[in-house]
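A.B. asks: have a look at this prediction, sequence included:
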Amino acid sequence: MHDGTDRMARYKHIDTSPRFLAVDLHRQLLPGSFEHALNHLIDHELDLSGFDTRFKNDETGAAAYPPAMLLKVVLFAYSQGIVSSRGIEVVCREHVTFIALSGDSMPHFTTIAGFVSRLADDIARLFTQILYLCDRQGLIGREMFAIDGVKLPSNASKQKSGTRADFEHQAAKLETAARVMLERHREADSQPVEADLRQKETQRITRLQTDAAQLRQWLTDHPEDRKGSKGTIRKSNRTDNESAKMATSKGVIQGYTGVAAVDARHQAIVDAQAHGTGSEQELLIPMVKAIQGALNNEQTLITGSSLITADAGYHSESNLKQLADLNIDALIADNGMRRRKSRWRRRCISGFA
């Protein structure tokens, strides 16, 4: 019988403050999870012997971090959207899954950055091994491959883009400005000027001369303009000369066009590339040829019944002719697809049997 008094539920206090715990790191990688699969594949399936040739510390020198461990934490970080070396360092110190993958070794961000920058080509070659494993597990159907891309900004300044003629003109302007300021400086030497103003003027002259010298050195190091796909001149960039200016829905960026080919069965990415061009048309055939030789010289992903699909950005007469020469079926939308009658609006066949 209720006596009318107010009652309140009592719960145990959940304390999430930091503490020392005895943790079995291996058990933190739960079977069936991505991190468990990643850990197993790198330890037992991938051939990492190519990394060993870069080290000569078997008799002298300090022990190095194992490339397998660094590869695990970098790839898992990418899967979680963490793409900076400093960010990876933090999670290797604070996040239990990263602590488990790294064996609580807490690599410094400079170690991670050096691993990615110096061993990028070795890491990229592992993609073929991973692709082979996916194929062995039946994850690649070979029935249809979709090709598409996205424009990605690079860490480069748009203001430092131009042709050799542009840079010659800029260097000449900087040198002229420096000479004019030097003449004014000499004329003003006979007159009293505040010390801080004279110092600022000297610093500006030095900066102009330095910028002009850097431009001249770049022109010496790059004696020719970059060539476009049709023999035109493609603008260079003094910060990142492999990138290019390209128009996007959010304005003009300095960057790359990232393009990927995806197998339809399980959406496995079978090839991915980055090109310093805003033109998607010229990227279709290189991507198709890359799929043909994706596994090795004797085994190809594309079969006689495989179908390539792509949007209107990849449509051109030249691409269609080359696909025909390669005997590859393709469905590629063209720019006039939406303007035709309704029964054609959802379908544009540009294929060859």
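C.D. replies: Cool, the structure landed.
A.B. asks: where does the protein have low pLDDT?
C.D. replies: The chain contains residues with pLDDT under 70 at 1-5, 189-197, 229-231, 295-299, 338, 340-353.
A.B. asks: show me it divided up by domain.
C.D. replies: 25-136, 144-154+255-344, 164-224 (automatic domain parsing).
A.B. asks: I'd like to know which of those domains is closest to Asn237.
C.D. replies: domain 144-154+255-344 (8.4 Å; C-beta to C-beta). For glycine as for every other residue, the C-beta is placed from the backbone atoms N, C-alpha and C.
A.B. asks: with adjacent residues omitted, what lies nearest to the residue positioned nearest the centre of the chain?
C.D. replies: For the chain, Ala274 is the residue whose C-alpha lies nearest the centre (C-alpha atoms, centre = their mean; 7.0 Å). In this structure, Ala274 finds its nearest non-sequential neighbour in Tyr256, 4.4 Å apart by C-beta to C-beta, 6 or more residues apart in numbering.
A.B. asks: now the strands: where do they sit in the chain?
C.D. replies: Per DSSP state E, the chain carries strands over the ranges 144-153, 161-162, 226-227, 233-234, 236-237, 244-248, 251-263, 269-275, 307-310, 329-332.
A.B. asks: surely Asn155 is in contact with Asn237?
C.D. replies: No. Counting by C-beta atoms under 8 Å, Asn155 does not reach Asn237; the two are 11.0 Å apart.
A.B. asks: which of the two has more neighbours?
C.D. replies: Asn237 (22 against 9; other C-beta atoms under 10 Å).
A.B. asks: chain neighbours aside, what residue packs nearest to that one?
C.D. replies: Ser161 is the one closest to Asn237 (C-beta to C-beta, 6+ apart), at 4.7 Å.
A.B. asks: sorry, back to before: most packed of the domains of the chain?
C.D. replies: domain 144-154+255-344 (a mean of 17; mean count of other C-beta atoms under 10 Å).
A.B. asks: coming back round to it: do you know how far the residue nearest to Asn237 is from Ala37?
C.D. replies: From Ser161 across to Ala37, the span is 42 Å (C-beta to C-beta, to the nearest Å).
A.B. asks: just to revisit the earlier point, out of the domains of the chain, which gets nearest to Ser249?
C.D. replies: domain 144-154+255-344 (9.1 Å).
A.B. asks: helices of the stretch 201-350 of the chain, residue ranges please.
C.D. replies: 284-292, 317-325 (DSSP state H, counting those that start in this stretch).
A.B. asks: with distance to Tyr65 added, can I get these in a markdown table?
C.D. replies: Listed next are those as a markdown table, based on distance: least, C-beta to C-beta, whole Å:
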| stretch | distance to Tyr65 |
| --- | --- |
| helix 284-292 | 32 |
| helix 317-325 | 45 |
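A.B. asks: wouldn't Glu201 be in contact with Leu182 here?
C.D. replies: No. In this structure Glu201 lies outside contact range of Leu182 using C-beta under 8 Å: 9.7 Å.
A.B. asks: about what we covered before: what about the residue nearest to Asn237, how many neighbours?
C.D. replies: Residues near Ser161, counting by other C-beta under 10 Å: 22.
A.B. asks: ok, it touching Arg234?
C.D. replies: No. With contacts counted by C-beta under 8 Å, Ser161 stays clear of Arg234, the gap being 9.9 Å.
A.B. asks: thinking the residue nearest to Ala274 is in contact with Ser243, fair?
C.D. replies: Yes. Counting by C-beta under 8 Å, Ser243 is a contact partner of Tyr256 at 5.8 Å.
A.B. asks: could you dump the domains of the chain to TSV with distance to Arg10?
C.D. replies: Shown next, in TSV, are the domains of the chain (distance: least, C-beta to C-beta, whole Å):
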stretch	distance to Arg10
domain 25-136	30
domain 144-154+255-344	49
domain 164-224	70
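A.B. asks: any chance of the strands of the chain in a markdown table, plus distance to Pro67?
C.D. replies: Putting the strands of the chain into a markdown table (distance: least, C-beta to C-beta, whole Å) gives the following:
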| stretch | distance to Pro67 |
| --- | --- |
| strand 144-153 | 26 |
| strand 161-162 | 36 |
| strand 226-227 | 34 |
| strand 233-234 | 36 |
| strand 236-237 | 32 |
| strand 244-248 | 32 |
| strand 251-263 | 25 |
| strand 269-275 | 21 |
| strand 307-310 | 35 |
| strand 329-332 | 39 |
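A.B. asks: nearest to Thr300 among the ones you listed would be which one?
C.D. replies: Between the strands of the chain, strand 269-275 lies closest to Thr300; by C-beta to C-beta that is 10.7 Å.
A.B. asks: in its sheet, what does that closest one sit against?
C.D. replies: As defined by DSSP bridges, the strand partners of strand 269-275 come to strand 251-263 (antiparallel).
A.B. asks: mind saving the C-alpha coords of the strand it pairs with as PDB?
C.D. replies: What follows is strand 251-263, C-alpha atoms only, in PDB (Å, rounded to 0.1, in the frame of the first residue of the first chain):
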ATOM      1  CA  GLY A 251      35.000  28.400 -57.300                       C
ATOM      2  CA  VAL A 252      38.400  27.900 -58.700                       C
ATOM      3  CA  ILE A 253      40.800  25.800 -56.700                       C
ATOM      4  CA  GLN A 254      44.500  24.800 -57.000                       C
ATOM      5  CA  GLY A 255      44.500  21.000 -56.700                       C
ATOM      6  CA  TYR A 256      44.000  17.600 -58.300                       C
ATOM      7  CA  THR A 257      41.300  15.500 -59.800                       C
ATOM      8  CA  GLY A 258      41.000  12.300 -57.900                       C
ATOM      9  CA  VAL A 259      39.500   9.500 -59.900                       C
ATOM     10  CA  ALA A 260      38.500   6.000 -58.800                       C
ATOM     11  CA  ALA A 261      37.200   2.800 -60.400                       C
ATOM     12  CA  VAL A 262      34.800   0.700 -58.200                       C
ATOM     13  CA  ASP A 263      33.600  -2.800 -58.800                       C
END
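A.B. asks: thanks a lot, catch you later.
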